[in-house]
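Engineer: Please work out how this folds:
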Amino acid sequence: MKKLLNKAALIIAAVGFYSSSALATEIIHYTNLPVTIELRKGEERSIQFGDHVQVGITKGQQMKKLFRVQSAQGAVHFLPYEEFDKQRVQIKRLTDGQVILLDLIAGKEDPNAKPLEDIRILLESENIIPEDERQVSDSPMELPTITPVDLTRFASQRLYGPTRLHRDRPGITETTLGVQGAVRVFKGENKYKTYSKPILAYQGGGYYLAAIHIKNTSENEVNLSYLDLNLPFSHATFQHHMLYPNGTPGDSTVLYLISEKPLKETLYPWTYYQDLKAEAEEMARLEEKAEAEKKRNRHKHK
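Structural biologist: Sure thing, here's the model as predicted:
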């Protein structure tokens, strides 16, 4: 396990894009009491729950439009529109039905402040190693079912979580990326001035995950959208949904891209083969034009 952790750490260091702010994640252990979440007007903050969740807000909160809330792949993202005192929100994990209560508090906007850390909320059951994992048995071990959420959570903990929470997961193994160098992740090069490079890969449960480091190369903020992805995938999750300008904390993030095919077959844009076809057609058109020009020149000299 230490070799795996060291390898992951070396990969991140070699890429050289991560700032200390981008890596920071606050870990909160849920003890069945409401968790106070500090927010800041105009700044999005993400909370990871390790499972698909349902967010419950009141009609009053909807009418007042105090904040925007989005949920995707086990993460909830809050963006306050105004300053406000305590607002209670209910989060329900869909797999086990566990309810988590959050008390949101939004302070004033502060452009000079450091970005708020992401939060990872752990339940008590996630901090205990089950007894059956400690016992050694002579009988063949049946590997647990691995879901896309499991793969994403595992990769995210390897890249962003503290080492004390790293734990091998039966059924998940590291695999090769199958490609070298940068890949084109997004449609529309004018909108997305980014540099994207796969840095880590895992497989399990018949799925293949690629962790792709994305860095903003422009001086403008970039909002990331799943609709603009230009790679084939079955599941996708951004660690952060906005990139700050190049050279500032938060100018990079990681995209977790999952497919049911080996990565060497999928880390190419959906338009890759269409682009090749278009290039071939253009070359054929130019050759025909050149040949026609030669014929006209021969007729002129006769």
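Engineer: now stretch 208-228: how far from the chain's centre is it?
Structural biologist: For stretch 208-228, the separation from the chain centroid amounts to 9 Å (computed by C-alpha atoms, centre = their mean, to the nearest Å).
Engineer: What residues sit buried inside that stretch?
Structural biologist: When burial is assessed from 16 or more other C-beta atoms under 10 Å, stretch 208-228 yields the following buried residues: 208-216, 222, 224. C-beta here means a position set from N, CA and C on the backbone, and glycine is covered the same way.
Engineer: again with stretch 106-121
Structural biologist: Those would be 106, 115-116, 118-121, for stretch 106-121 by 16+ other C-beta under 10 Å.
Engineer: returning to what we had before: kindly reformat the buried residues of stretch 208-228 as a markdown table containing secondary structure, distance to residue 80 and pLDDT.
Structural biologist: Putting the buried residues of stretch 208-228 into a markdown table (DSSP: H, G, I helix; E, B strand; the rest coil; distance: C-beta to C-beta, whole Å; pLDDT from 0 to 100) gives the following:
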| residue | secondary structure | distance to residue 80 | pLDDT |
| --- | --- | --- | --- |
| 208 | strand | 37 | 92 |
| 209 | strand | 32 | 92 |
| 210 | strand | 33 | 90 |
| 211 | strand | 30 | 91 |
| 212 | strand | 29 | 91 |
| 213 | strand | 29 | 92 |
| 214 | strand | 25 | 91 |
| 215 | strand | 27 | 92 |
| 216 | strand | 23 | 92 |
| 222 | strand | 21 | 90 |
| 224 | coil | 20 | 90 |
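Engineer: would you list those in TSV and tack on distance to residue 178?
Structural biologist: As requested, the buried residues of stretch 208-228 are arranged in TSV below (distance: C-beta to C-beta, whole Å):
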residue	distance to residue 178
208	9
209	13
210	9
211	14
212	13
213	16
214	19
215	21
216	26
222	27
224	24
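Engineer: Looking at the residues you listed, spot the one nearest residue 86.
Structural biologist: residue 224 (30.2 Å; C-beta to C-beta).
Engineer: Please report how far the closest one lies from residue 149.
Structural biologist: For residue 224, the distance to residue 149 (C-beta to C-beta, to the nearest Å) stands at 19 Å.
Engineer: just so I have it, where are all the strands in the stretch 151-300 of the chain?
Structural biologist: For the stretch 151-300 of the chain, the strands defined by DSSP state E, counting those that start in this stretch occupy 173-174, 194-204, 207-216, 222-223, 235-238, 242-243, 252-259.
Engineer: Quick check: which of those is nearest to residue 56?
Structural biologist: Of all these, strand 235-238 sits nearest to residue 56, with 21.9 Å by C-beta to C-beta.
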